[in-house]
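In: Please find the sequence and the predicted model below.
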Amino acid sequence: MDLQTTNSLVKCRAFQTILGDIPQAWFRSLPPRSISSWEECQQRFLNQYRALRRQLAPPCHLTIVFQKANEPLRDYIARFRCEVSNVKDPSDGSILMAIFTGLRKDGKLYESIYRTPVKDLGEFCERASKEIRWEDAFGSKKPIRPKEEAGGSN
């Protein structure tokens, strides 16, 4: 059925059939003959559900995502990527700046990028992948050493 060229009455009747359970219950709860045009049907639907639409954060939101003290790089990047999906139109530059800023300062990747800055997000991802493979193979950068007991050895 081509709804683009169909009259408003048919559009309103067809509209109900494509709705999920909750919107369909809302549509059925409207008083009979309370909608007089397709445009009014559209507007009432949008007004009903507009507040439920997911609001995306601005790109500066990414600057609050930091790598935790004992968090592996793989986990930090996965968590960061989830946050990127909650941001409205982030540029590659803002993503790169935020992910670099959020890295632990004692990490090997941070040191590498600090010494030789990356040119773009692709290069960052390449270096991060190498570091993740290294972490997976050998563990964290700094091994945890047991504290020596005070007073020397026995």
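Out: That came through, no problem. Only a predicted model underlies this, so the values are computations on that prediction, with no experimental measurement involved. Numbering: from 1, shown residues only.
In: Low-confidence regions, this structure specifically.
Out: 1-6, 8-9, 12, 16, 51-53, 140-154 (pLDDT under 70).
In: how does it look with 80?
Out: Residues of the chain meeting the criterion pLDDT under 80: 1-28, 35-36, 38, 48-55, 139-154.
In: Domain ranges for the chain, per the record?
Out: When the chain is parsed with automatic domain parsing, its domains come out as 8-52, 59-138.
In: Dump the ones you listed to JSON lines, plus mean neighbour count.
Out: (Each C-beta comes from the backbone N, C-alpha and C, glycine too.) Shown next, in JSON lines, are these (neighbours: other CB atoms under 10 Å):
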{"stretch": "domain 8-52", "mean neighbour count": "12"}
{"stretch": "domain 59-138", "mean neighbour count": "15"}
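In: And the residue nearest the centre of the chain, how far from Tyr76?
Out: In the chain, the residue lying closest to the centroid (CA atoms, centre = their mean) is Ser85, at 2.3 Å. Distance from Ser85 to Tyr76, counting by CB to CB, to the nearest Å: 15 Å.
In: what helices or strands is the longest helix along the chain leaning on?
Out: In terms of residue count, the longest helix belonging to the chain (DSSP state H) is helix 121-138. Judged by 3 or more CB pairs under 8 Å, 6 or more residues apart in numbering; DSSP states H and E, helix 121-138 is in contact with helix 73-84, helix 92-102, helix 108-115.
In: just checking, what packs against the first one?
Out: When contacts are defined as 3+ CB pairs under 8 Å, 6+ apart, helix 73-84 packs onto helix 92-102, helix 121-138.
In: Make CSV from those helices and add distance to Thr17 to it.
Out: Formatted as CSV, the helices and strands packed on helix 73-84 follow (distance: least, CB to CB, whole Å):
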stretch, distance to Thr17
helix 92-102, 41
helix 121-138, 44
